[in-house]
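Engineer: next come a sequence and a model predicted from it.
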Amino acid sequence: MSDEIRDFLRLPKRHASKLESEPSAADGAQLAKAQSVRDAIMAALIVVVLFSALWSILSALIDRIFPWMTLILGYLIGLSVRRAGQGLDWRFPTIAASMAALGALAGNVVVAATFTAIVLDTTTLTVLRAVTTMTWPVFFDEVLTPADAIFALFAAAIAASYANRRLTRAEFIALRKWGKEQEDAERS
């Protein structure tokens, strides 16, 4: 029986490697070098500032506060940390989770300042500039609720789950080879 007939009758290989070239440890080193903690933090800060502003504008227009918006904040922070940081290790989910928790607090402060500004017939920035150490206990007693803390924790979990870079099969193999090469270098 010839090889052509045998290949024709054989089922297609769905799990066979479809890589054109074998990834090397140098490719894995490039992936590890592409990580940037600074870019991840900057992207998360930009998302927090923009989201807080949009959240306060939306809340003022509709005259309602949506505490579940912090879940969307967590998702957006996770995606921004993934894109900007190109992270592969534990640092990037940690950054995303902490920035989501701080962003949830900052968003609540801005939304509370917006509603206070409406009542006082002034601007949100004026209210935020007038915050003192005497204001914070009142804010934490009257504005923040346990539900806000729960939403912040879920936002942090969502952000952490989306923060790491998604690898292709070739990138994963290259990263494993690079890691093994690093381990071998440490042993010698």
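Structural biologist: Great, that's in hand. All of these numbers come straight from a predicted model, not from anything done at the bench.
Engineer: what comes up buried for the longest helix along the chain?
Structural biologist: The residue-count maximum for a helix in the chain (DSSP state H) belongs to helix 91-120. For helix 91-120, the buried set under the neighbour-count rule, 16 or more other CB atoms under 10 Å, comprises 91-93, 95-117. (Each C-beta comes from the backbone N, C-alpha and C, glycine too.)
Engineer: and stretch 22-39, by the same measure?
Structural biologist: Judged by neighbour count using 16+ other CB under 10 Å, the buried positions of stretch 22-39 are 23, 25, 27-29, 31, 35, 39.
Engineer: want to throw these into JSON lines with distance to residue 150?
Structural biologist: As requested, the buried residues of stretch 22-39 are arranged in JSON lines below (distance: CB to CB, whole Å):
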{"residue": "23", "distance to residue 150": "43"}
{"residue": "25", "distance to residue 150": "44"}
{"residue": "27", "distance to residue 150": "42"}
{"residue": "28", "distance to residue 150": "39"}
{"residue": "29", "distance to residue 150": "42"}
{"residue": "31", "distance to residue 150": "36"}
{"residue": "35", "distance to residue 150": "31"}
{"residue": "39", "distance to residue 150": "30"}
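Engineer: now, which of those sits nearest residue 173?
Structural biologist: Using CB to CB, residue 23 is the member of the buried residues of stretch 22-39 that sits closest to residue 173, with 4.8 Å.
Engineer: hang on, the closest one packs against residue 167?
Structural biologist: No. Using CB atoms under 8 Å, residue 23 is not in contact with residue 167; the gap is 10.7 Å.
Engineer: name the next helix or strand downstream of the longest helix of the chain, please.
Structural biologist: Later in the chain than helix 91-120, the nearest helix or strand by DSSP states H and E is helix 124-129.
Engineer: OK, contacts around the residue nearest the centre of the chain?
Structural biologist: For the chain, the residue lying nearest the average C-alpha position, counting by CA atoms, centre = their mean, turns out to be residue 78 (1.5 Å). Contacts were defined as CB atoms under 8 Å, 6 or more residues apart in numbering; by that measure residue 78 touches 96, 100, 158-163.
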